[in-house]
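K.L.:
Give me coordinates for this.
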Amino acid sequence: MLAVVAQRYYLEDRSKVQIADELGVSRFRVARMLEQARERGLVHIAVDVPPEVDLTASSRLAERYGLRQALVLSGVDDDPHRTRTQLGRACSALLAERLTGNDVLGVSWGRTLHAFAEGVGALPGCEVVQMVGTVPAVDLGLSSMDLVRRVSRATGGAVHALHAPMVVDAPELARALRDSDFVRATTSRFAHITCALVGIGAWRQDGSSLRAALPQRVADQAAAAGAVADICSTVLDARGAVVTGDPPVADLCISITTAELRRIPQVIAIAGGKEKAPAIAAAAKAGLLHTLITDRAAADALLAEVDT
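P.N.:
Numbering: from 1, shown residues only. Model (predicted):
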């Protein structure tokens, strides 16, 4: 009887209610028989985890930092470019499974997102929204606007580009740009974003596109205030608190705000490398992430920080 119940449930895809009706027993009895089948070794369940995924580290990282999901890639080498490429491919696979045609995908900017866009496969047909203005990217050969357009080609959905620079020199200029019709046409879509894809910058000269684009005085002021990370235009200290200044960094940016980012139901971050661990930790502590795609080097550093 245990074998019959197990076969009908696991192999023939019948429900417990159907099996109970067929055998003339209660569904609770069917549930208990399925438990007994596993306990006695009649049923063996295996999860075919991709070899590049460290499932144990993924679970530990998600639990320690209060994330819905973490995906830790093992076997990633020390070359930063190849690391970003592998993280980008993992993100593409995750989005292909998770997105639907009813979603609105927000995309920010960063070197890892650039690698994601270069290798992204076909995605469900959702619209794509650029969440940050154009970032200088001489070393990448792909602007933030080009990145969003490439992602939209993968989805086949409408694209909402943000026709403005990410950083300007004065708060008054930033306010004027935000009030313009051509910018509002895109920023009005921020409230409709259901899934956001973000990079995490480390607040040092070679680790943050945002810091590199800011006036030196503003960038140094944020560093002196304890900045360790940035997401879009949000600058964070090691505790996950938003760093302010005079003027605040966000006041010079054409970008999704911290409050708008917090309202998005699913925020997926991709970032790797041991040196990024403090920035990733700050973003997680700030409660701005739901899913993290990272590598083993960053995961080990993040778990060591919590353990200590």
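
K.L.:
can you give me the strands for this protein?
P.N.:
Along the chain, the segments classed as strands by DSSP state E run 69-73, 104-107, 127-130, 159-160, 195-198, 201-202, 227-231, 234-237, 266-270, 291-295.

K.L.:
So for Ser188, which of these sits nearest?
P.N.:
Nearest to Ser188 among the strands of the chain is strand 159-160; the distance by C-beta to C-beta comes to 8.8 Å. In this view, the C-beta of every residue, glycine as well, is placed from N, C-alpha and C.

K.L.:
Render the CA-only coordinates of stretch 184-203 in CSV, please.
P.N.:
Output in CSV follows, covering the C-alpha atoms of stretch 184-203 (Å, rounded to 0.1, in the frame of the first residue of the first chain):
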residue,chain,number,x,y,z
ARG,A,184,9.1,62.5,-15.6
ALA,A,185,8.0,60.2,-18.4
THR,A,186,10.4,57.6,-17.0
THR,A,187,10.5,58.4,-13.3
SER,A,188,6.7,58.1,-13.2
ARG,A,189,7.2,54.4,-14.0
PHE,A,190,9.3,53.8,-10.8
ALA,A,191,6.1,53.2,-8.8
HIS,A,192,5.1,50.4,-11.1
ILE,A,193,8.4,48.5,-10.9
THR,A,194,7.8,45.0,-9.5
CYS,A,195,11.4,43.7,-9.8
ALA,A,196,14.6,45.7,-9.6
LEU,A,197,18.1,44.6,-10.7
VAL,A,198,20.8,46.5,-8.9
GLY,A,199,24.6,46.6,-8.5
ILE,A,200,26.3,47.5,-5.2
GLY,A,201,29.2,49.9,-5.3
ALA,A,202,32.0,49.9,-2.7
TRP,A,203,32.7,53.5,-1.7
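
K.L.:
which parts of it are buried?
P.N.:
186-187, 189-190, 193, 195-203 (16 or more other C-beta atoms under 10 Å).

K.L.:
just stretch 53-65 next, same as before
P.N.:
So, applying 16+ other C-beta under 10 Å, buried residues of stretch 53-65: Asp54, Ala57, Ser58, Arg60, Leu61, Ala62, Arg64, Tyr65.

K.L.:
Make JSON lines out of the strands of the chain and add distance to Ala213 and mean pLDDT.
P.N.:
Compiled in JSON lines, those are given as follows (distance: least, C-beta to C-beta, whole Å; pLDDT from 0 to 100):
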{"stretch": "strand 69-73", "distance to Ala213": "29", "mean pLDDT": "93"}
{"stretch": "strand 104-107", "distance to Ala213": "18", "mean pLDDT": "97"}
{"stretch": "strand 127-130", "distance to Ala213": "16", "mean pLDDT": "96"}
{"stretch": "strand 159-160", "distance to Ala213": "22", "mean pLDDT": "94"}
{"stretch": "strand 195-198", "distance to Ala213": "17", "mean pLDDT": "96"}
{"stretch": "strand 201-202", "distance to Ala213": "11", "mean pLDDT": "94"}
{"stretch": "strand 227-231", "distance to Ala213": "11", "mean pLDDT": "96"}
{"stretch": "strand 234-237", "distance to Ala213": "13", "mean pLDDT": "96"}
{"stretch": "strand 266-270", "distance to Ala213": "20", "mean pLDDT": "96"}
{"stretch": "strand 291-295", "distance to Ala213": "25", "mean pLDDT": "95"}
